[in-house]
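Q: based on what follows, work out the 3D shape:
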Amino acid sequence: MFLKQQRMAVTLIEPCFDNLHDVLGNLGVPLYPIDESALYDPDCIYEELRRRVRTEALFLVDPNNPTGFSLLKHGRRGFEEVVRFCRDHDKLLLIDFCFASFTLFDPALTRFDVYELLENSGVRYLAIEDTGKTWPVQDAKCALLTPSDDIKEAVYNIHTSVLLNVSPFVLNMLTEYVEDSAGDELFSVRDVLTRNREAARGTLHGSALRYLEPVVKSSVAWFHIDHPHLTATDLHRLLVAEGVYVLPGRYFYWSQPSKGESYVRIALARTPEMFADAMTRTREVLDSHDR
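A: Numbers count the residues shown, from 1 in each chain. Here you go, the predicted structure:
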């Protein structure tokens, strides 16, 4: 609503969670894609953004859903280059941090205070966080919007016209979940995800589905289809017949859905016993398709 009100066009990362495209598109915000690969090399990020971004706003998802890519792969450098570009060229930087909790207590990642970087840089920004991706408590969740000072009043006025308050019961319950996860360094959240991720990798190893290693291990897994005659839509149809549901990649490639036909996303936040059975059925479908 803020972007529409300000008549801003947006350069949106691709692939990304299709809901972002739907919300912006339904409100008539002009959208242009930028491939995630533009962020892979910290030495080239600034120039890639300068070359590709022609809109008033840049919208990133970090960690990205579905790929698991994060600018944290480059430590501070990746975020610094993005912020430098947006500040130099007067772009509004929007970042969806809804998967960011999965970067906590991960020895493979070097976390730092991204908000301190944003605040000290002077860049215009709007950050989004949400508890639902980490603690999916029957859709009882809390979302956070953090705007830079220069747009805070405008965003606040829009926000309060949509949502006046959040249930104290929900906030207190979520606080207990967050504190519990902090106490066990997210083990209670990660344990199921790790078991299911390894089950998927092990069961599907050597099949047409190739696991793509993420920078941040979240609650989803991203697979490439290594088969010349099998599309994500076809695989989805075959698996549904066996009671297994995966999400075709076409939903994440919002500007060119055909590019997503080589990928599927598998949700990991499921009961391990049920998930293991689903992976066995998936392997059987893939093997029978090859015969």
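
Q: and the contacts of the one helix or strand residue 156 maps to?
A: Secondary-structure assignment from DSSP states H and E places residue 156 in helix 149-162. With contacts defined as CB atoms under 8 Å, 6 or more residues apart in numbering, helix 149-162 is touched by 1, 2, 5, 6, 92, 124, 126, 145, 147. C-beta coordinates here come from the backbone N, C-alpha and C atoms, glycine included.

Q: closest to residue 193 among those residues?
A: Using CB to CB, residue 145 is the member of those that sits closest to residue 193, with 26.6 Å.

Q: report the contact partners of that closest one.
A: Taking CB under 8 Å, 6+ apart as the criterion, residue 145 is in contact with 126, 127, 128, 155, 159.

Q: ok, which stretches of the stretch 151-291 of the chain are helices?
A: Ranges of helices within the stretch 151-291 of the chain are 168-183, 187-204, 232-240, 272-290, based on DSSP state H, counting those that start in this stretch.

Q: what helices or strands is the shortest one leaning on?
A: Here helix 232-240 is seen to pack against strand 247-248, strand 263-267, helix 272-290 when contacts are counted using 3 or more CB pairs under 8 Å, 6 or more residues apart in numbering; DSSP states H and E.

Q: which stretches of the protein have low pLDDT?
A: Scanning the chain for pLDDT under 70 picks out 291.

Q: at the geometric centre of it, which residue sits there?
A: Nearest to the mean C-alpha position of the chain, counting by CA atoms, centre = their mean, stands residue 65 at 2.4 Å.

Q: ok, it - contacts?
A: Residue 65 neighbours (CB under 8 Å, 6+ apart): 16, 17, 98, 99, 133, 218, 220.

Q: helix/strand/coil for it?
A: With DSSP: H, G, I helix; E, B strand; the rest coil as the basis, residue 65 sits in coil.

Q: got the contacts of residue 65 as a markdown table, with distance to residue 39 and neighbour count columns?
A: Formatted as a markdown table, those follow (distance: CB to CB, whole Å; neighbours: other CB atoms under 10 Å):
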| residue | distance to residue 39 | neighbour count |
| --- | --- | --- |
| 16 | 12 | 22 |
| 17 | 16 | 21 |
| 98 | 18 | 24 |
| 99 | 15 | 25 |
| 133 | 20 | 22 |
| 218 | 17 | 28 |
| 220 | 19 | 21 |
